[in-house]
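Chemist: Kindly return the folded structure for what I paste below:
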Amino acid sequence: MNPKKILNGLYLVGSDSLSGSGDCMIYALGIGKNKLCLIDAGTQYAQQILDNLTKTDLRGREISDLILTHCHFDHIGAAHQFQQLFPRIKTYAHSWDLAAITGQPNTQRLTAADWYGQELIPPKIDFVIKKDPEILNLEGTKLICYHTPGHTPGSIAVLYENEEGIKVLFGQDVHGPFLEEFNSNINDWVKSMKRLISLEADILCEGHYGIFEGKEKVKRFIEGQLKAQGF
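Modeler: Next up is the predicted model:
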């Protein structure tokens, strides 16, 4: 399976079938002249993701930024690998998931690493997202990070708008699940989903369920998840 081009400079480069078993959907966005930003890191297959990048127009670019959308192992497990491969990489995460991501005592269950039979090697977080929204300017590319608690307390969604005005929403794990062991909060999630709908994104890049193109399809998918939970 090959990487999927979503827009010029934006590719799906990782997933369970694309990079390795258990991986979330991992997105690569070209920024500046020769850099790129990854949305999530996957479980443990950094090298395969790099190999996938060589099959795209982003080949040869340095991974300068890594945004972790929440604290679960399928999204953060390989972050330390990318930090070893790219010593200058800057890694971002929300303050409310920071303890779990950085491996503080009694947080292993929050990462779901046990589900994958793994132990998290905690990555270093260089930028802690605290504002809502938090606006990042990466090599001249603006990314807006929205706090979207529910699946985990520190879940975020990232909005990117290209030069043509196409709005792309990286809404990882819009679908949940919602478990007490993750400190999930279904009521917070409902508010977060309504907020995402209000952004009127043209494309939704979800964490496991695929890529949805067109405002109506994006809205319909999120509304469908709300309905499935009884809202």
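Chemist: mind listing the helices for this protein?
Modeler: Assigned by DSSP state H, the chain shows helices spanning 46-53, 73-76, 79-85, 98-101, 108-111, 186-198, 215-228.
Chemist: got the buried residues for the last one?
Modeler: This points to helix 215-228. Residues V218, K219, F221, I222, Q225, L226 are the ones in helix 215-228 that count as buried (16 or more other CB atoms under 10 Å). The C-beta positions use only the backbone N, C-alpha and C, and glycine is treated the same way.
Chemist: any low-confidence regions in this structure?
Modeler: Along the chain, no part satisfies pLDDT under 70.
Chemist: thinking again about what came up before, relative to G165, which of the helices of the chain is closest?
Modeler: Each of these has some distance to G165 by CB to CB; the shortest is helix 215-228, at 12.4 Å.
Chemist: Hey, what's the angle from the closest one to helix 186-198? Just curious.
Modeler: Between the axes of helix 215-228 and helix 186-198, defined by axes from the mean of the first three to the mean of the last three CA atoms, to 10 degrees, the angle is 170 degrees.
Chemist: hang on, I144 packs against V158?
Modeler: Yes - using CB atoms under 8 Å, I144 is in contact with V158, at 7.0 Å.
Chemist: Which one of these two is surrounded by more residues?
Modeler: Comparing I144 with V158 by other CB atoms under 10 Å, the one with more neighbours is V158, at 27 against 17.
Chemist: can you pull the contacts of the more buried one?
Modeler: I39, I67, T69, L143, I144, C145, Y146, L169, F170 (CB atoms under 8 Å, 6 or more residues apart in numbering).
Chemist: Show me what it is bridged to.
Modeler: Note on V158: beta-bridge partners by DSSP bridges are C145, F170.
Chemist: What of E206?
Modeler: G171.
Chemist: and it, what does it touch?
Modeler: So E206 contacts M25, G171, Q172, D173, V174, H175, F212, F221 (CB under 8 Å, 6+ apart).
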